[in-house]
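Peer 1: With the sequence up front, the predicted model follows.
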Amino acid sequence: DAGDHESYMHKEMLEQPVTAQAVLRGRLDERFGTAHLGGLDMDARDLRAVRRVKILGCGSAYYVGQMGAALIEELARIPADAEAASEFRYRDPVIEPDTLYVAVSQSGETIDTLLAVQEVRRKGGRCVGLVNVVGSAIARECDGGIYLHAGPEVAVASTKALTNMFLGFALLALQLGRVRDLSIADGKRLVAGLEKLPGQIEEILAGEDDLVAVAKSLAEARSLFFIGRVRGFPVAREGAQKFKEISYRHAEAYQTSELKHGPLALIDPEVPTVALVPRDELTERNIGALHEIDARQGPLVVITHAEVDLGEIGARRIDVPRNEPELDPILLTIPLQLLAYHAAQHLGHDIDKPRNLAKSVTVE
Ligand code: BG6
């Protein structure tokens, strides 16, 4: 049971500093700045032969797949993208022999993801799994994979498994990068960043109490936006997903850059925006968009780094610790879990079992 915790989701969120260590354990190579993933069952030659990566998952696993695709493109310079597994099989996909397919699933039992894996394998493609539950259907169906070692996850809204999915992608991206052009210096920089992450996740979780008031104010809104750019966009999608799953509020994710091409029409004092503004090459442009929202009295919550100066913008800011920019997405995700959680808590919802949803959807 959830023990002293008010819910499984709360317990599972707070476990993240420990479970994050479990997925990294024994897989990081400080000396050569790389990762070792024996379960993939691919040697350096197999890894080098990969020309494209296609990630398949549903719900939160799909959004973290988008974060993973960005990591793979950045570190390994291989074209990578994520697709909803629930759609993939229905468009008679072209399966390429030099594409690495990656199925991502906490339960390992999601039928849409399982059927996507079967489609890939039936057509002769190689599919590896990022799966939490050992021996599950997807794990058995894949050619190899990376177990997530997050331990049992009970709450429908995924937290610790999702974090480990991100870390699993970081390990994969590192290994794919280091058999290509990623330098040993960059490899070591990322290994050091990964080793620092569990402690930084703990730091964010320790600030939980400070987020309760802002979560309550978001819970009062009927509709909200979550915005981010490039690395931050899948984070926004995951943040909106969590928020709607457990608070039943309409939450929509948008690319910050697309705001002026449509949704800005909806911004007013009743519609809050949660914006992801890490310190990176897009900070100034992101701040430009915040000005547009602020000018229309749209309430703003900004997840950012302490170094970012928001100037005159009227916003509630939440600072997260800095790591290597490629690894920022997971640190930006943790406050969004806490916001969704406390909004749902404030509204009195059954957080672990949201209406109409199942932890794992095993029928089509
Ligand atoms: C959904 C759950 O139906 O399945 C989501 O409600 C989850 O929370 C998704 O992210 C994928 O599940 P799994 O087990 O394949 O990661």
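Peer 2: Looks like it arrived, so ask away.
Peer 1: Show the backbone phi and psi for Val154.
Peer 2: Main-chain torsions, Val154, degrees, to the nearest 10: phi -100, psi -40.
Peer 1: how deep is it tucked in, by neighbour count?
Peer 2: 14 (other Cβ atoms under 10 Å). The C-beta positions use only the backbone N, C-alpha and C, and glycine is treated the same way.
Peer 1: isn't it right up against His10?
Peer 2: No: counting by Cβ atoms under 8 Å, Val154 stays clear of His10, with 11.1 Å between them.
Peer 1: which residues do these two both contact?
Peer 2: Ala2 (Cβ atoms under 8 Å, 6 or more residues apart in numbering).
Peer 1: which parts of the stretch 1-150 of the chain sit against the ligand?
Peer 2: Neighbours of the ligand within the stretch 1-150 of the chain, by Cβ under 6 Å from any ligand atom: 58-61, 105-107, 110, 113.
Peer 1: The residues you listed in helices, which ones?
Peer 2: 60-61, 113 (DSSP state H).
Peer 1: helix or strand for Gly129, which one?
Peer 2: In this structure, Gly129 sits in strand 126-131 according to DSSP states H and E.
Peer 1: What mean pLDDT does that strand get?
Peer 2: What strand 126-131 shows for mean pLDDT is 98.
Peer 1: Could I get the buried residue list for it?
Peer 2: 126-131 (16 or more other Cβ atoms under 10 Å).
Peer 1: If we only consider those, which is nearest to the ligand?
Peer 2: Using Cβ to the nearest ligand atom, Val131 is the member of the buried residues of strand 126-131 that sits closest to the ligand, with 8.4 Å.
Peer 1: Who does that closest one form a beta bridge with?
Peer 2: Ser105, Tyr147 (DSSP bridges).
Peer 1: can I assume it is in contact with Glu141?
Peer 2: No: the pair Val131 / Glu141 is not scored as a contact, 9.9 Å apart, by Cβ under 8 Å.
Peer 1: distance between the ends of stretch 121-135?
Peer 2: 18 Å (Cα to Cα, to the nearest Å).
Peer 1: what sits up against that stretch?
Peer 2: 40, 42, 68, 95-97, 99-109, 117, 120, 138-139, 141-150, 153, 161, 164-165, 168-169, 172.
Peer 1: circling back: can I get the very next helix or strand once past the strand holding Gly129 in CSV, CA atoms only?
Peer 2: For strand 126-131, the succeeding helix or strand toward the C-terminus, using DSSP H and E, is helix 137-141. Output of helix 137-141 as CSV, limited to C-alpha atoms (Å, rounded to 0.1, in the frame of the first residue of the first chain):
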residue,chain,number,x,y,z
ALA,A,137,4.6,-8.9,-23.2
ILE,A,138,6.4,-6.0,-24.9
ALA,A,139,9.7,-7.0,-23.2
ARG,A,140,9.3,-10.5,-24.5
GLU,A,141,8.4,-9.4,-28.0
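Peer 1: Please consider this matter closed, and thank you.
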